[in-house]
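Student: I need the structure of the sequence given here:
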Amino acid sequence: MKRIFFSTLSLILLLGIPTVLGVLVGISTLPLRETEVVKIINIPPGTCLNKLSSLLCSEGIIRSKHIFSLLVRLKKADIKIKAGEYQFSNRMFPAEILSKLIRGEQVKYTVIIPEGLSITQIANLYEKVGLANKDKFIRLANDPQFIASLGMEGNTLEGYLFPDTYRFTRYIGEKNIIRCMVQRFKKVYGEEFKKREQELNLSQKEVIIIASLIEKETSCPQERPIISAVFHNRLRLNMPLQCDPTVIFGLNNFNGNLTKEDLKTPTPYNTYLISGLPPTPIANPGLASIKAALYPADVDYLYFVSKNDGTHYFSSTLKEHNQAVYTYQKKWDLGKDKLNNGEK
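Tutor: Presented below is the predicted three-dimensional model:
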């Protein structure tokens, strides 16, 4: 190997850099293998050129780490190479490999964020696919200083991490993931929505809180504007919202079974005990629920009860609601406070 290096160095001194570079480029256009093998190569941040060349060689992507290193140096590209995960083939030419590294043409991972997830659930999802540290993600999403740097207000980004399909590279980092999701929210929540919130005499925060309640109450598209109307009507009449998902959000270690005691547990999110909206959104709503919050149906409903088929029965009076509870929830304990007090 030393002979190859010194021979190459002598060649450079004898023929000059441009000529030798031409020779190397010519060599780099020679095919490597008859049988193609495709590999994902991870190049961590801070990887030096020698380690990079050795890695590519050991993975069978290049034949000579010395020739590749020399090619990089001659093109003064060592500081231009970007860390990340790359897909390479052993039939790629060294010049192609270098070009890909310089462009930062990394493998991108598709992540689908469903509507209605909380910050914690989103953080878990990103950690599961290896794109973020869950604890760091949660910490940043609740850091007032970082939130302010995004042009947002408040102590949490709950409600503003817009659910969508995203494509991220391995080392994008938690800050950039959050920044991208907030930017997507801002793009969706445009001038039309801002104008509409003023017509309703609501702030953006209040709209997103209502949207998050709608998101957690139903997955039925036709019901969203109707459930929105129930919340708007109750707010107008200063009635407690009595929204189960808000109670669940405020509980620590919820086990999946909402009890009568849970409904009596004081938290800032228990809308059976507090008036008006909870202090923050309880989830990150999608576009349909945001639209529903801004454009409620023109109905006078004040109550709804699950029909146990993914839809709800809506009522305008307590008497009708109680009958609906008996009809659709007769297997439940009818002595619950939810029935006696006219709760949903």
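Student: burial of the closest residue in space to S89 that isn't next to it in sequence, as a residue count?
Tutor: Spatial nearest neighbour of S89, chain neighbours left out: V38 (4.9 Å); criterion: CB to CB, 6 or more residues apart in numbering. (Each C-beta comes from the backbone N, C-alpha and C, glycine too.) Neighbours of V38 under the rule other CB atoms under 10 Å: 11.
Student: Spit out the contact partners of V38.
Tutor: 87-89 (CB atoms under 8 Å, 6 or more residues apart in numbering).
Student: And it, what's its pLDDT?
Tutor: pLDDT, V38: 91.
Student: Check R3 too.
Tutor: Confidence score, pLDDT, at R3: 48.
Student: now I41: how far from G256?
Tutor: 43 Å (CB to CB, to the nearest Å).
Student: Settle it for me: which of the two has more neighbours?
Tutor: Legend: neighbour count by other CB under 10 Å for I41 and G256, higher for I41 (17 against 5).
Student: Look up phi and psi at the more buried one.
Tutor: Torsion angles at I41 (phi, psi; degrees, to the nearest 10) stand at phi -110, psi 130.
Student: So what sits opposite it in the bridge?
Tutor: Per DSSP bridges, the residues bridged to I41 are Y86.
Student: which residues does it contact?
Tutor: Per CB under 8 Å, 6+ apart, neighbours of I41: 55-56, 59, 61, 85-88.
Student: domains in this structure, as residue ranges please.
Tutor: What automatic domain parsing lists as the domains of the chain is 2-103, 108-188, 205-340.
Student: which stretch among the ones you listed comes nearest K194?
Tutor: domain 205-340 (9.5 Å; CB to CB).
Student: where in the stretch 51-200 of the chain is pLDDT low?
Tutor: Of all residues in the stretch 51-200 of the chain, none has pLDDT under 70.
Student: can you give me the helices for it?
Tutor: For the stretch 51-200 of the chain, applying DSSP state H, counting those that start in this stretch gives helices covering 65-74, 94-103, 119-128, 134-141, 144-149, 174-188, 191-199.
Student: gap between P268 and F193?
Tutor: For P268, the distance to F193 - CB to CB - is 26 Å.
Student: Which of these two has more residues huddled nearby?
Tutor: Applying other CB under 10 Å to P268 and F193 shows that F193 carries more neighbours, namely 18 against 13.
Student: and the closest residue to the more buried one other than its chain neighbours, how many residues sit next to it?
Tutor: Nearest residue to F193 in three dimensions, chain neighbours excluded: L294, at 6.0 Å (CB to CB, 6+ apart). Burial measure for L294: 22 neighbouring residues, criterion other CB under 10 Å.
Student: What of F231?
Tutor: Neighbour number of F231 under other CB under 10 Å is 24.
Student: For my notes, confirm it occurs in a strand.
Tutor: No. Under DSSP: H, G, I helix; E, B strand; the rest coil, F231 falls outside any strand and is assigned helix.
Student: Please renumber the chain so that the first residue is 555 from this point on.
Tutor: Sure thing, new numbering starts at 555, so read that last one as F785.
Student: for it, what are its contacts?
Tutor: If you count contacts by CB under 8 Å, 6+ apart, then F785 has 764, 767-768, 795, 797, 850 around it.
Student: can we see that at 6 Å?
Tutor: Taking CB atoms under 6 Å, 6 or more residues apart in numbering, we find F785 in contact with 764, 795.
Student: What separation is there between A837 and S869?
Tutor: From A837 to S869 the distance is 25 Å (CB to CB).
Student: So for the two, which sits in the more crowded spot?
Tutor: A837 (27 against 22).
Student: Would you mind giving the secondary structure of N755?
Tutor: coil.
Student: And the contacts of I595, which of them are buried?
Tutor: Those of these that meet the buried threshold are 609-610, 615, 639-640, 642, by 16 or more other CB atoms under 10 Å.
Student: Return the distance of F647 relative to L625.
Tutor: Distance from F647 to L625, by CB to CB: 10 Å.
Student: and the two? which has more neighbours close in?
Tutor: L625 (22 against 17).
Student: Same list, the helices of the stretch 605-754 of the chain, but as JSON lines with distance to G713 please.
Tutor: What follows is the helices of the stretch 605-754 of the chain, written out as JSON lines (distance: least, CB to CB, whole Å):
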{"stretch": "helix 619-628", "distance to G713": "47"}
{"stretch": "helix 648-657", "distance to G713": "36"}
{"stretch": "helix 673-682", "distance to G713": "9"}
{"stretch": "helix 688-695", "distance to G713": "11"}
{"stretch": "helix 698-703", "distance to G713": "12"}
{"stretch": "helix 728-742", "distance to G713": "9"}
{"stretch": "helix 745-753", "distance to G713": "14"}
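Student: ok, now which ones touch I780?
Tutor: 851, 868.
Student: How much space separates it from Q796?
Tutor: 16 Å.
Student: do V665 as well
Tutor: 35 Å.
Student: Same check on N787?
Tutor: 13 Å.
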